[in-house]
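Engineer: Provided below are the primary sequence and the corresponding predicted coordinates.
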Amino acid sequence: MKRAYLITALLLVCAAAPVYGQSAGMPDTAAVRDLLSKDPAVAAATANLRVARNAAGILEDSPYEWTPSVSAQRRNAEGGERFNEWNVGVDRTIRLPGKAAADSDMAGGVLAEARASYRAAIHNSASELATLWIDWLHAEAARKLAQDNLQAVERGVQAVEKRVKAGDASRLDLGLAQAELADQNRQRLQAATLSDIAWSRLSLRFPGVLREAIELPQPLELPLDDGELRRRVIDYSEELDMTRAQLVQSQAAAARARAERFPDPTVGLFRASERGGAERYWGVRVSIPIPGGARFKRADQAAASADVSYQGLELKRRQLDANVASDIAAARGAMLTADVARQNAEMLAKNAALMQRAYTLGEVDLQGLLMARRQDLTAASSALAARTDALKASYKLLVDGHLIWDLERD
């Protein structure tokens, strides 16, 4: 089997001993990690991490600032006396401890969601790469299949021409054989076009891939039993982690709203001079807003929102569990289907070869030969499609379970 490259000097095909959960013909870990590190979606998620760190820092810090104040006035007293007077002070609203703790929890939730989003970006890009890669290999295999079948039909036309010359076949048979050849040539051109389209999608989405023909690999057996694999996929689910982080933020917002029922006090120090300096004094001032009913309603609203988030997490967990179980069942079924389709294709290929030999010997007519070839092509195409479906299903679970390409480290 040939080898391919994704990035210059990086091999795409595994060495003789494939890594855990990976087969020859699929991209190797080093090349995939290089591609993922350069992917715009991953770069955007990395930038979003910086945004989240700053947002968390803002939440950790108090939203209040020191407010200095200065005032000056001129007093005109009875008797014509005039006095210059002034007042300077500084005030700051104090965030109560319960609110600071809620803000800290909110900051943790923001960071957790950003980290899960970063992992999700890597996971989604890896899934997209695997899908596009398999689609391209399938298109290349379909192109090769169409080319091989075209050559078989060409040999059949030559056999018909010999029989026509020998007087054992009619010109009508030759016309039918040539029509079959023209149709197969159409299928070859169509397969080549689809291969070019698949390659364009892969190479433009992940620049740096070098085109070289590789055989579509056989699907891998799932490395874990169904229960272990389902638990692993759920444990590594970035989508579930993001939902958990959103719940943390909702609960922190509810705690913040409860704490907001009691307003933050504003404390200030001031110093003043009156009657031209004859009276000087300093003091402390404290102001606290009188809470209204809206504060309590906002607390109730936030608590209800937190309950919505909690139920959303439970729903997400159940949906994910059902989807993973469905994916595992689909993968198992696809592998069995691919194996049956392969066996059927092998039998019909042998049958087509026997029919070709029988026609050459004059034992069967052209219609029987054409029917055998069409059955052979249909079975081979079905086997190829079944192998592709099984490969996609198995690699979806391997990627979702972070079992390949060092996805676990993310």
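Structural biologist: Sure, I can see it. Nothing here was measured: the structure is a model prediction, and the numbers come from that model. Numbering: from 1, shown residues only.
Engineer: how far is the top helix by length along the chain from where the chain is centred?
Structural biologist: Ranked by number of residues, the top helix in the chain under DSSP state H is helix 97-166. Chain-centre distance of helix 97-166: 12 Å, with Cα atoms, centre = their mean, to the nearest Å.
Engineer: Quick one: list the elements packing against it.
Structural biologist: Contact here means 3 or more Cβ pairs under 8 Å, 6 or more residues apart in numbering; DSSP states H and E; on that basis helix 97-166 packs against helix 29-37, helix 40-60, helix 171-205, helix 238-259, helix 293-360, helix 366-400. (Glycine included, C-beta is placed from N, CA and C.)
Engineer: The fifth one vs helix 366-400, what angle?
Structural biologist: Spelled out, that is helix 293-360. 150 degrees (axes from the mean of the first three to the mean of the last three Cα atoms, to 10 degrees).
Engineer: And for the second one?
Structural biologist: Comparing the axes of helix 40-60 and helix 366-400 via the same axes, to 10 degrees yields an angle of 20 degrees.
Engineer: hmm, who's touching helix 40-60?
Structural biologist: Identification of contacts with helix 40-60 by Cβ atoms under 8 Å, 6 or more residues apart in numbering yields 36, 103-104, 106-108, 110-111, 113-115, 117-118, 120-122, 124-125.
Engineer: which of the residues you listed are buried?
Structural biologist: Buried positions within the contacts of helix 40-60, assessed by neighbour count (16 or more other Cβ atoms under 10 Å), are 36, 103, 106-108, 110-111, 113-115, 117-118, 120-122, 124-125.
Engineer: Tell me the secondary structure of Val364, please.
Structural biologist: Following DSSP: H, G, I helix; E, B strand; the rest coil, Val364 is assigned to coil.
Engineer: what's the neighbour count on it?
Structural biologist: A total of 17 residues lie near Val364 under the criterion other Cβ atoms under 10 Å.
Engineer: So what does it have for phi and psi?
Structural biologist: phi -130, psi 160 (degrees, to the nearest 10).
Engineer: ok, now Arg285?
Structural biologist: Dihedral angles for Arg285 - degrees, to the nearest 10 - are phi -130, psi 140.
Engineer: Does it touch Pro265 like I think?
Structural biologist: No. Counting by Cβ atoms under 8 Å, Arg285 stays clear of Pro265, with 10.5 Å between them.
Engineer: Contacts only, for Val340.
Structural biologist: Ala386.
Engineer: Give me the distance between it and Ala334.
Structural biologist: 11 Å (Cβ to Cβ, to the nearest Å).
Engineer: Please identify every residue contacting each of those two.
Structural biologist: Taking Cβ under 8 Å, 6+ apart as the criterion, Val340 and Ala334 both touch Ala386.
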